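S.K.: mind looking at a prediction? Sequence and model below.
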Number of protein chains: 2
Amino acid sequence: MLGEKGIGYDLVRESPWAQRDEFLDMNPAGSTPVMADTERGITLIDSQAICEYFEETVEKFPLISGGAAGRAEIRRLTAWFDQNFYGDVVAPLLHERMRKRLVERVSPDARVLREAMKRANTHMDYMDYLLDHRNWMGGATMSLADVTAAAQLSVADYLGGIDWVGHEQTKRWYAGFKSRPSFRPLLSERMEVIVPPAHYEKPDF
Amino acid sequence: MLGEKGIGYDLVRESPWAQRDEFLDMNPAGSTPVMADTERGITLIDSQAICEYFEETVEKFPLISGGAAGRAEIRRLTAWFDQNFYGDVVAPLLHERMRKRLVERVSPDARVLREAMKRANTHMDYMDYLLDHRNWMGGATMSLADVTAAAQLSVADYLGGIDWVGHEQTKRWYAGFKSRPSFRPLLSERMEVIVPPAHYEKPDF
C-alpha cells in the first residue's frame, strides 16, 4: 500500500515471539505490523488502522475508494483475507514451517499442513469467483482488498502452501500483481533458513 | 453504536455454528455480525466495516473522530478489543460455557476458564491504565473503542469471566456505560439456559 501511494519506508525485522521489551513498549499487543513515523513522533499499530491512516492522509492512489457501500465491501474483504485466510491458511503454515523450525526445532505436522492447503484451495475458489464477477477483488478498481489478498497469498506461497492448478483467474490476477513495482521488492525478501519454491518470485509461473 | 447514532435496528438471532445455508448466502465467512439494510438492498459484513459505514453515512454522534492520528488510536484499540480481548478471553469463555453446553453437551474445562479469567485480569489492568491517562479508552471523547470494549466486556461478564475487584477505573467507566440508553437494552438480552451473574445488569455493582 505504501509503495502504491509513493510513501517511503524502511522495513525493520521483528520476531513477535521474542516479545522484546522495546517492541512491547511500542505495541503492548506485541503484534506486527507497527509503523513508527519518527519525524512526526507517531506510532501506528494494527494493519487496518495503519492503512486507514494513510488512506486519510495521502491522496495519491486511493485504495478504499467509491461510495460507502463499495468501501464497506473493500473493508469486508480486507478483514476476510487478514483474518479468515490468515487464520485458516497462513497462521498454521507459519506455525508448522517457520516457528517449529526456528523456535521449537521440531518437524512440522503433515496433517496440519494438508488441512491448511485444503483450506487455501477453498479460499482460492472464492477468489476465482470474485474475479469472475469483477475486475479486481473488491470491485471495478484495484483496492486494499487486492493488496491484502496478495500479501497473505504471497506468504502462503512462500511456505509452499499454495497449489495454483485449477485457479486460473486468481493465478492471472496474482501474476499481474507480482509485476507491480510496489510488490516486487517484497518478493525478494527471504526468511532465514526457509527457502521458497522456485516459482515464488517469478511473475510468469 | 447504532443506538448512540439513533439508527433503528431489529436484532435477529443467528447461531453461526449451525452454518445455515441462507446465512452463508448472505456472508460466505459464516460469521456474525451481518447487517441487512433491506430498504437499500445492502448487506454489510464484518463489525469494523459496518461501523465505518455508519460513521461515514450518519453524522450524529461521531465515534471515530478527531485527527488522523487520533482516529488511528481509536481503530488500534477497537481491533485490540475485538481481536485480542476476544481471542484471549471471550472466545474461550464462549467455547467452554456456551458451545460445550448447548452444542457439545459436555462440561467446561476448569483450566481453560481459569486461564481466560487470568487473561481478562491482565486486559483490565491495561484498561485501567488507559483510563488513568484519558477520559475515555481512545482519548478525550467517547469513541468506538469504548463501545467495543463495553461490548466484549459485557459478554465476558455475562459468562462469569470477570472479577471486578481491583479494577476501580474500569468498573467506574463500565458503570457509566451500563446506564446509557443505547446499552441498557443489550443488557436485558439472555442466552437460553445460561444465566448471568446477579450483578450483570445492574449499573451499580
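M.R.: Nice, I can see it.
S.K.: which element is the residue nearest the centre of chain A on?
M.R.: Taking Cα atoms, centre = their mean as the criterion, A:Ala151 is the residue nearest the geometric centre of chain A, at 2.3 Å. When secondary structure is defined by DSSP states H and E, A:Ala151 falls within helix A:144-158.
S.K.: for that helix, packing partners?
M.R.: helix A:47-57, helix A:68-79, helix A:110-133, helix A:168-178, helix A:184-187 (3 or more Cβ pairs under 8 Å, 6 or more residues apart in numbering or on different chains; DSSP states H and E). Bear in mind the C-beta positions are built from the backbone N, C-alpha and C, glycine included.
S.K.: any idea which of those gets closest to B:Thr78?
M.R.: Counting by Cβ to Cβ, B:Thr78 lies closest to helix A:47-57 out of the helices and strands packed on helix A:144-158; the figure is 8.1 Å.
S.K.: next, the buried residues of the closest one.
M.R.: Residues of helix A:47-57 classed as buried by neighbour count (16 or more other Cβ atoms under 10 Å in any protein chain shown): A:Ser47, A:Gln48, A:Ala49, A:Ile50, A:Cys51, A:Glu52, A:Tyr53, A:Phe54, A:Glu55.
S.K.: please apply the same query to stretch A:195-203.
M.R.: Counting neighbours by 16+ other Cβ under 10 Å, the buried set in stretch A:195-203 is A:Pro196, A:Tyr200, A:Glu201.
S.K.: filtering those by proximity to chain B, which remain?
M.R.: Residues of the buried residues of stretch A:195-203 in contact with chain B (Cβ under 8 Å from any Cβ of the partner chain): none.
S.K.: pLDDT, distance to B:Thr122 and secondary structure for the residues you listed - can I get that in TSV?
M.R.: Output for those, formatted as TSV (pLDDT from 0 to 100; distance: Cβ to Cβ, whole Å; DSSP: H, G, I helix; E, B strand; the rest coil):
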residue	pLDDT	distance to B:Thr122	secondary structure
A:Pro196	97	37	coil
A:Tyr200	96	39	coil
A:Glu201	93	42	coil
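S.K.: give me the neighbour count for A:Pro181.
M.R.: Close neighbours of A:Pro181, defined as other Cβ atoms under 10 Å in any protein chain shown, add up to 8.
S.K.: how about A:Asp46?
M.R.: Neighbourhood size, A:Asp46 [other Cβ under 10 Å]: 25.
S.K.: residues contacting it?
M.R.: Contacts here follow Cβ atoms under 8 Å, 6 or more residues apart in numbering or on different chains; on that basis A:Asp46 touches A:Ala29, A:Ser31, A:Pro33, B:Arg75, B:Arg76, B:Ala79, B:Trp80.
S.K.: give me that answer again for 10 Å
M.R.: A:27, A:29, A:31-35, A:52-53, A:82, B:72, B:75-80, B:83 (Cβ atoms under 10 Å, 6 or more residues apart in numbering or on different chains).
S.K.: what do you get for A:Asp204?
M.R.: Contacts were defined as Cβ under 10 Å, 6+ apart; by that measure A:Asp204 touches A:Ala175, A:Lys178, A:Ser179.
S.K.: before we move on, the earlier item: most tightly packed of the helices and strands packed on helix A:144-158?
M.R.: Greatest average neighbour count among the helices and strands packed on helix A:144-158 goes to helix A:68-79 (a mean of 23), per mean count of other Cβ atoms under 10 Å in any protein chain shown.
S.K.: contacting residues around the following helix or strand past that one?
M.R.: Proceeding N to C from helix A:68-79, the next assigned helix or strand is helix A:91-93, under DSSP H and E. Where contact means Cβ under 10 Å, 6+ apart, the residues beyond helix A:91-93 that reach it are A:85-86, A:99, A:108-109, A:112-113, A:115-117, A:119-120, A:155-162.
S.K.: turn the buried residues of stretch A:195-203 into JSON lines, including distance to A:Gln169.
M.R.: Formatted as JSON lines, the entries for the buried residues of stretch A:195-203 read as follows, by distance: Cβ to Cβ, whole Å:
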{"residue": "A:Pro196", "distance to A:Gln169": "23"}
{"residue": "A:Tyr200", "distance to A:Gln169": "20"}
{"residue": "A:Glu201", "distance to A:Gln169": "21"}
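S.K.: what about A:Ser65, how many residues nearby?
M.R.: Other residues near A:Ser65 come to 17 when the count uses other Cβ under 10 Å.
S.K.: let me see the contact set for it.
M.R.: Residues counted as contacts of A:Ser65 (Cβ under 10 Å, 6+ apart) are A:Glu55, A:Arg71, A:Ile74, A:Gly138, A:Gly139, A:Ala140, A:Thr141, A:Met142, A:Ser143, A:Leu144.
S.K.: quick check: the fourth one touching A:Ala149?
M.R.: Yes. A:Gly138 sits in contact with A:Ala149 when judged by Cβ atoms under 10 Å, with a separation of 9.0 Å.
S.K.: what sits in contact with each of these two?
M.R.: Common neighbours of A:Gly138 and A:Ala149 (criterion: Cβ under 10 Å, 6+ apart): A:Leu77, A:Thr78, A:Leu130.
S.K.: domains in chain A, by residue range?
M.R.: If you go by the TED database, the domain ranges for chain A are A:2-57, A:68-188.
S.K.: JSON lines for these, including distance to B:Thr170?
M.R.: Listed next are the domains of chain A as JSON lines, based on distance: least, Cβ to Cβ, whole Å:
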{"stretch": "domain A:2-57", "distance to B:Thr170": "16"}
{"stretch": "domain A:68-188", "distance to B:Thr170": "26"}
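S.K.: can you put those domains in CSV and add mean pLDDT?
M.R.: Putting the domains of chain A into CSV (pLDDT from 0 to 100) gives the following:
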stretch, mean pLDDT
domain A:2-57, 94
domain A:68-188, 96
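S.K.: of all those domains, which lies closest to B:Trp17?
M.R.: When these are ranked by proximity to B:Trp17, the top entry is domain A:68-188, at 15.7 Å, counting by Cβ to Cβ.
S.K.: ends of the closest one, how far apart?
M.R.: With Cα to Cα, to the nearest Å applied, domain A:68-188 spans 36 Å between its terminal residues.
S.K.: and it, how far out from the chain's middle?
M.R.: Centre-to-centre, domain A:68-188 and its host chain are 7 Å apart (Cα atoms, centre = their mean, to the nearest Å).
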